[in-house]
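Participant: Output the structure for:
(chains A, B, C and D)
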2 protein chains.
Amino acid sequence: MDISKVVETISASYTPLTDACQGDLVRALKILRFDRSATLVKEGQYADKTYFIVEGCARAYYLKDGKDITDWFAFEGEFISSINSFFLDVPSPHFIEILERGILLELSRDKITILSDKYHDFERLVKTVVTKTLLQLQQRVVSIQFETAQQKYENLLGVQPGITQRVPLTHIASFLGITLETLSRIRNPKNGI
Amino acid sequence: MDISKVVETISASYTPLTDACQGDLVRALKILRFDRSATLVKEGQYADKTYFIVEGCARAYYLKDGKDITDWFAFEGEFISSINSFFLDVPSPHFIEILERGILLELSRDKITILSDKYHDFERLVKTVVTKTLLQLQQRVVSIQFETAQQKYENLLGVQPGITQRVPLTHIASFLGITLETLSRIRNPKNGI
DNA sequence: CGAGGCCTTGACCGCGGTCAATGCCCGTGG
DNA sequence: CCACGGGCATTGACCGCGGTCAAGGCCTCG
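Facilitator: As a prediction, the model looks like this:
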């Protein structure tokens, strides 16, 4: 796999980076490959890394009263990290788990700080990634707050059509804030029509 | 009112700005004063401005099936804008309304772009504001999704203790994603204990 | 073949929504 | 100065969505 190709893609899909910046970024990234599901971050760790997904998918989840609650999915071309730990430098409430065999790029906060200080355009890249995430999250608040379980599910399918083929329903249910049982009933056509 | 003092406060509370940048920022800001409630942004407008609240408070809301749904409050020292319209350059789904007599600073997206291009540290300021907002929103998702109406309300009081003195309960209820009736019952001590 | 993960289905019930009536406060005009 | 009206909040009666608990189906893998 050619990292510089991936960095070009990032530069093209988020915000342009100068060649110098791209070079430094390539050198700062570390390739991770996984054959099957694996846990990148555990609850309680200081999770000062962010991961860019080249192939495969991942989720961030936490335990609420012992229950596994997914609160973020990431697929090819997206970033994932434990945002609380990453930005606030506190122990992570989240686990981050790979859901499929795939390839990730890892980037530490230290290196992000160095790159952000050195390159104005890298600072802009980070701003853009954060902004996109903010807008997604905003949509999610609206969806969670006033839609029925069914609408939330249909909404998710609109944004991530293939998700049910790639992610267990349990995780999708907790992501939507509904139970697995409810999700199962929604998906059953004879309750629907 | 002395704008440069306010800009110093912003620089201190978010991320430091050079003197040159602060100077340019002071010149880019426009002061707005309001004696009573007023609407800054209407649904459907291209809302390419952001507002910093010096005194008073404001809310962003939208109409969902004719119902008024608040989805953001801002108080002294915070920014507010119609984030969808501002970042994506689409017509605003939101109204933005001043809730109290007060003072705001207005800054247009054009000027933010110019300042961001000229000053690396201004780019960083924007990143920091967006990041803080992202983290708040993340907390809110968790709160909305798995807490009871009462817990959501108590949560809000934890973060914004004085809010009930400054904002009508109707708006607080819709912000929390509950009805005014439910909020009223929660607040009534004889149902609580 | 058996065990365990994942999903489905059923029975039941409680939180919080809807609808509607009433209360309270304050500004405006007779 | 009081009466009225309108905005905001409270209270009550009712009910439905979706949660909980429990049983059972259906893979896959050892």
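Participant: What are the buried residues along the helix or strand harbouring residue A:51?
Facilitator: Here residue A:51 is covered by strand A:49-55, with elements defined by DSSP states H and E. For strand A:49-55, the neighbour count (16 or more other C-beta atoms under 10 Å in any protein chain shown) marks A:49, A:50, A:51, A:52, A:53, A:54 as buried. Every C-beta, even on glycine, is put in place using the N, C-alpha and C of the backbone.
Participant: Settle this for me: the third one is touching residue A:108, isn't it.
Facilitator: No. Under the criterion of C-beta atoms under 8 Å, residue A:51 is not in contact with residue A:108, lying 10.7 Å apart.
Participant: Report how many residues lie close to residue A:117.
Facilitator: Look at residue A:117: counted by other C-beta atoms under 10 Å in any protein chain shown, it has 12 neighbours.
Participant: what helix or strand is residue A:156 on?
Facilitator: helix A:149-159.
Participant: got the phi/psi numbers for residue A:40?
Facilitator: Per-residue torsions, residue A:40: phi -90, psi -40 (degrees, to the nearest 10).
Participant: where does the residue lying closest to it once chain neighbours are set aside fall, helix, sheet strand or coil?
Facilitator: Nearest residue to residue A:40, sequence neighbours excluded (C-beta to C-beta, 6 or more residues apart in numbering or on different chains): residue A:96, at 4.5 Å. Per DSSP: H, G, I helix; E, B strand; the rest coil, the secondary structure class of residue A:96 is strand.
Participant: so how far is residue A:47 from residue A:96?
Facilitator: From residue A:96 across to residue A:47, the span is 7 Å (C-beta to C-beta, to the nearest Å).
Participant: between the two, who's got more neighbours?
Facilitator: Each of residue A:96 and residue A:47 has its neighbours counted (other C-beta under 10 Å); residue A:47 has more, 27 against 24.
Participant: confidence score at the more buried one?
Facilitator: With respect to pLDDT, residue A:47 scores 95.
Participant: Pull the contacting residues for it.
Facilitator: Residues counted as contacts of residue A:47 (C-beta atoms under 8 Å, 6 or more residues apart in numbering or on different chains) are A:41, A:81, A:82, A:85, A:86, A:92, A:94, A:96.
Participant: If you rank these by neighbours, which is first?
Facilitator: Counting neighbours by other C-beta under 10 Å, residue A:82 leads the contacts of residue A:47 with 28 neighbours.
Participant: can you give me how far stretch A:63-74 is from the chain middle?
Facilitator: 13 Å (C-alpha atoms, centre = their mean, to the nearest Å).
Participant: what residues does that stretch touch?
Facilitator: Stretch A:63-74 is contacted from outside by A:43, A:51, A:53, A:57-62, A:80, A:94-95, A:160, A:163, A:167, A:170-172, A:174-175, B:138, B:141-142, B:145-146, using C-beta under 8 Å, 6+ apart.
Participant: Kindly write the PyMOL command that selects the buried subset of these.
Facilitator: A single PyMOL command is used to select the members of these judged buried by 16+ other C-beta under 10 Å:
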select buried, (chain A and resi 43+51+53+57+58+59+60+61+62+80+94+95+163+167+171+172+174+175) or (chain B and resi 138+141+142+145)
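Participant: list the helices and strands the top helix by length along chain A packs on?
Facilitator: Longest helix in chain A by number of residues, with DSSP state H as the criterion: helix A:120-146. Counting contacts by 3 or more C-beta pairs under 8 Å, 6 or more residues apart in numbering or on different chains; DSSP states H and E, helix A:120-146 packs against helix A:19-28, helix A:109-118, helix A:149-159, strand B:67-74, helix B:83-88, helix B:120-146.
Participant: what about that helix, near DNA strand D?
Facilitator: No. Judged by C-beta under 7 Å from any atom of the strand, helix A:120-146 makes no contact with DNA strand D; its nearest approach is 10.1 Å.
Participant: now do stretch A:166-175
Facilitator: No. Stretch A:166-175 does not reach DNA strand D (C-beta under 7 Å from any atom of the strand); its nearest approach is 7.7 Å.
Participant: Surely residue A:29 and residue A:107 touch.
Facilitator: Yes. Contact criterion C-beta under 8 Å: residue A:29 and residue A:107 qualify, at 5.7 Å.
Participant: Residue numbers of chain A in contact with DNA strand C?
Facilitator: Residues of chain A found near DNA strand C (C-beta under 7 Å from any atom of the strand) are A:168, A:169, A:170, A:180, A:181, A:183, A:184, A:185, A:187, A:188.
Participant: so residue A:39, which of the three states?
Facilitator: Classification of residue A:39 using three-state DSSP returns strand.
Participant: Please list the residues of chain A that sit near DNA strand D.
Facilitator: Residues of chain A found near DNA strand D (C-beta under 7 Å from any atom of the strand) are A:148, A:149, A:150, A:177, A:178, A:179, A:181, A:182.
Participant: ok, of these, which come out buried?
Facilitator: By neighbour count, with 16+ other C-beta under 10 Å, the residues of chain A next to DNA strand D hold A:149, A:150, A:177, A:178, A:182 as buried.
Participant: Report the contact partners of residue A:28.
Facilitator: Residue A:28 is in contact with A:107, A:108, A:111, A:114, A:115, counting by C-beta under 8 Å, 6+ apart.
Participant: Now list the buried members of those.
Facilitator: With burial judged by 16+ other C-beta under 10 Å, the buried subset of the contacts of residue A:28 is A:107, A:111, A:115.
Participant: Looking at those residues, which is nearest chain B?
Facilitator: Chain B lies nearest to residue A:115 out of these, by C-beta to the nearest C-beta, at 12.2 Å.
Participant: was I right about that closest one contacting residue A:23?
Facilitator: No. Look at residue A:115 against residue A:23 with C-beta under 8 Å: they stay out of range, at 10.9 Å.
Participant: Neighbours of whichever residue of chain A sits closest to DNA strand C, how many?
Facilitator: Here the residue of chain A nearest DNA strand C is residue A:184; by C-beta to the nearest atom of the strand that distance is 3.2 Å. By the measure other C-beta under 10 Å, the count of residues near residue A:184 is 12.
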